[in-house]
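Trainee: No sequence on hand, only this structure:
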């Protein structure tokens, strides 16, 4: 199967209602994994680097979340009134 056909096949299965039947999606994911270099043009080394970068990013995100929780910082910039200083 050509790369675009394979991606189309994968996306169709991913967007279908599964109703407990995920075999077709699993097969499409396995096929995509086996043909990753053809699909993306990335060599195995690039894939390993991407996975390493993702692991580092998840670690940094977790550290940021811990720091934000320590100071009661919320992603939208809101903080509870009870911790705000009054003039």
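Mentor: Received, thanks. All of these numbers come straight from a predicted model, not from anything done at the bench.

Trainee: Check whether residue 19 sits in a helix, strand or coil.
Mentor: Look at residue 19: counting by DSSP: H, G, I helix; E, B strand; the rest coil, its state is coil.

Trainee: now it: how far from residue 66?
Mentor: Separation of residue 19 from residue 66 (Cβ to Cβ, to the nearest Å) stands at 39 Å. No exception for glycine: its C-beta is placed from N, CA and C like everyone else's.

Trainee: For these two, indicate the residue with more neighbours.
Mentor: Ranked by neighbour count (other Cβ atoms under 10 Å), residue 19 and residue 66 place residue 66 first, with 9 against 6.

Trainee: which residues of the chain score low on pLDDT?
Mentor: In the predicted model, the chain carries pLDDT under 70 at residues 18, 74-87.

Trainee: biggest helix in it, by residue count?
Mentor: Longest helix of the chain, by residue count under DSSP state H: helix 44-70.

Trainee: what distance separates stretch 12-28 from the middle of the whole chain?
Mentor: Chain-centre distance of stretch 12-28: 18 Å, with Cα atoms, centre = their mean, to the nearest Å.

Trainee: ok, and what's touching it?
Mentor: Residues from elsewhere that reach stretch 12-28, judged by Cβ atoms under 8 Å, 6 or more residues apart in numbering: 6, 9-10.

Trainee: One more pass at 6 Å, please.
Mentor: With contacts defined as Cβ atoms under 6 Å, 6 or more residues apart in numbering, stretch 12-28 is touched by 9-10.

Trainee: Which positions in that stretch come out as buried?
Mentor: By 16 or more other Cβ atoms under 10 Å, the buried positions in stretch 12-28 come out as 13, 25, 28.

Trainee: can you list the residues you listed in TSV and add secondary structure and distance to residue 60?
Mentor: Putting the buried residues of stretch 12-28 into TSV (DSSP: H, G, I helix; E, B strand; the rest coil; distance: Cβ to Cβ, whole Å) gives the following:
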residue	secondary structure	distance to residue 60
13	helix	33
25	helix	31
28	helix	32
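
Trainee: Go through the residues you listed and name the one nearest residue 58.
Mentor: Of all these, residue 58 sits closest to residue 25, with 24.3 Å by Cβ to Cβ.
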